[in-house]
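> Have a look; sequence and predicted model below, questions after that.
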Amino acid sequence: MKREGLPRIPKALTIAGSDSGGGAGIQADLKTFQELDVYGMSAITAITVQNTLGVSGVYPLPPAAAAEQIRAVGSDLGVDALKTGMLFDAEIIRAVAAEIRRFGWKRVVVDPVMIAKGGETLLRREAVAALREELLPLAQVVTPNLPEAEVLSGLPIRTMQERREAAKRIRAMGPELVVIKGGHDEGNTRVSESENVSVSGKSWPSSQAGVEVVDLVYDGSHFTELAGLRVQTVHTHGTGCTFSAALTAALAKGAALQEAVRTARAFIQAAIEDSLELGRGHGPTNHWAYRRRQEVPL
Ligand SMILES: Nc1ncnc2c1ncn2[C@@H]1O[C@H](COP(=O)(O)OP(=O)(O)OP(=O)(O)O)[C@@H](O)[C@H]1O
Ligand SMILES: Cc1ncc(COP(=O)(O)O)c(N)n1
């Protein structure tokens with residue numbers, strides 16, 4: 001039956017690695033798309049053997065496997081927005097970039113995944129040049145964490161001024177918007193001074209609240225600092241994947257860039273705050289927290 005007269009369904013594609021533990025990679029992306037009412041599709045680049053204790057195996061797929069998956073969905077279902085995550089090597093990056101160019105996709109979010117929380121390599125060091133030269137020119141948004149921003153820009157980042165300088169250098173590589181995420185900046189955060197700290201409708205006494213986490217957004221003319229409450233938790237596996245997937249879902253639904261970034265911040269904040277406490281190590285975030293909060297106002 002045709003869906004005549006019904007709203008069209010936004011569709012998003014993730015090109016990334018599989019995380020058997022379900023907290024990061026393809027699994028986090030598809031869960032996030034679903035939670036934001038976006039139809040999710042995937043092109044898998046590598047299989048990782050992972051749980052909350054870490055990565056114990058990485059099996060990259062041949063570059064043709066990624067390319068064929070992308071062509072299969074692109075030529076049939078259509079793609080309103082896409083994101084890339086773990087790409088592992090330069091050949092896979094080149095194959096993915098060629099498909100993005102072939103279809104002429106513009107709503108492209110590049111999450112330049114390099115190293116897992118436990119230190120395992122998810123992108124070969126020699127592939128960084130391909131990421132810079134092949135993929136960043138095709139990106140509308142790039143979302144490095146602090147170590148990734150240092151690698152991409154070639155600058156050490158200790159201060160907010162250095163973060164701004166790195167954002168400028170990365171933007172010069174092609175993306176319209178650069179988001180440097182502050183999750184890794186544990187030692188250099190601002191202490192919240194207000195009596196009560198409120199993030200996405202929930203508030204804490206400042207004694208509990210502690211420090212902020214700040215994501216820096218640069219659009220070529222303005223810097224915006226998106227601050228949220230830093231949740232004291234070990235359950236942050238897949239935060240970057242989930243953030244970039246929420247951003248991609250919002251773009252697929254037609255949101256403007258800055259609005260999409262704000263949706264992603266609210267989504268990941270809820271997912272970290274309402275922890276699931278799963279596994280014996282760094283557990284996943286809670287992908288249904290954001291939707292539950294919309295359904296049941298606090
Ligand atoms: N403890 C925390 N409390 C609140 N927000 C956080 C926390 N840690 C990370 N975030 C947010 O999560 C998002 C992802 O940031 P992060 O810097 O952790 O990315 P990442 O390192 O790429 O993630 P991953 O570790 O999954 O690769 C950002 O919006 C960041 O502000
Ligand atoms: C397949 C895959 N993609 C990305 C990450 C990064 O997430 P994290 O840094 O939280 O481990 C990961 N661990 N696995």
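Perfect, thanks for sending it. Ligands and ions are numbered 1, 2, ... in the order given.

> Isn't Gly54 up against Glu120?
Yes - with contact defined as C-beta atoms under 8 Å, Gly54 reaches Glu120; the gap is 6.8 Å. For glycine as for every other residue, the C-beta is placed from the backbone atoms N, C-alpha and C.

> so which strand or helix has the residue nearest in space to the middle of the chain?
When C-alpha atoms, centre = their mean is applied to the chain, the residue found nearest the centroid is Ser244 (2.3 Å). For Ser244, the enclosing helix or strand under DSSP states H and E is helix 239-252.

> ok, that helix near ligand 2 or not?
Yes - using C-beta under 6 Å from any ligand atom, helix 239-252 reaches ligand 2 at Gly240, Cys241.

> Mind checking if that helix is in reach of ligand 1?
Yes - in terms of C-beta under 6 Å from any ligand atom, part of helix 239-252 sits within range of ligand 1, namely Thr239, Gly240, Cys241, Phe243.

> Of these, keep whichever come out buried.
Neighbour-count burial (16 or more other C-beta atoms under 10 Å) is assigned, among those, to Thr239, Gly240, Cys241, Phe243.

> Can you report how many residues lie near Ser56?
12 (other C-beta atoms under 10 Å).

> And the closest residue to it other than its chain neighbours, how close does it get to Leu122?
Distance criterion C-beta to C-beta, 6 or more residues apart in numbering; nearest residue to Ser56, sequence neighbours excluded, is Val49 at 4.9 Å. Applying C-beta to C-beta, to the nearest Å, the value for Val49 to Leu122 is 13 Å.

> Any regions of the stretch 101-250 of the chain where pLDDT drops low?
187-210 (pLDDT under 70).

> can you rerun that using 80?
186-210 (pLDDT under 80).

> Longest helix in the chain, by number of residues?
helix 257-273 (DSSP state H).

> near ligand 1, anything from that one?
Yes - using C-beta under 6 Å from any ligand atom, helix 257-273 reaches ligand 1 at Arg265, Ile268, Gln269, Ile272.

> Of all the residues in the next helix or strand along the chain from that helix, which ones are buried?
Using DSSP H and E, the helix or strand that follows helix 257-273 in sequence is helix 289-295. Neighbour-count burial for helix 289-295 flags Ala289, Tyr290, Arg293 (criterion: 16+ other C-beta under 10 Å).

> between the residues you listed, which is closest to Thr32?
Tyr290 (8.8 Å; C-beta to C-beta).

> residue contacts, that closest one?
Listed by C-beta atoms under 8 Å, 6 or more residues apart in numbering, the contact set of Tyr290 reads Glu35, Leu36, Ala246, Ala266, Phe267, Ala270, Ala271.

> again, only this time at 6 Å
Phe267, Ala270 (C-beta atoms under 6 Å, 6 or more residues apart in numbering).

> Any figure for the gap between it and ligand 2?
As judged by C-beta to the nearest ligand atom, to the nearest Å, Tyr290 and ligand 2 stand 18 Å apart.

> mind checking pLDDT for that residue?
Predicted confidence (pLDDT) for Tyr290: 97.

> and if you look at Lys2?
Predicted confidence (pLDDT) for Lys2: 63.

> What of Gly5?
As summarised for this prediction, Gly5 has a pLDDT of 75.

> That one: how many residues sit nearby?
Gly5 has 5 neighbours, counted by other C-beta under 10 Å.

> ditto for Arg280
Arg280, neighbours per other C-beta under 10 Å, totals 8.

> residues from this structure in reach of ligand 2?
16-17, 19, 24-25, 48, 85-86, 113, 116-117, 122, 237-238, 240-241.

> Inside strands: which ones of those residues?
Ala16, Gly17, Asp19, Thr48 (DSSP state E).

> Quick one: distance of the longest helix of the chain to the chain centre.
10 Å (C-alpha atoms, centre = their mean, to the nearest Å).

> In terms of secondary structure, what does that helix contact?
helix 239-252, helix 289-295 (3 or more C-beta pairs under 6 Å, 6 or more residues apart in numbering; DSSP states H and E).
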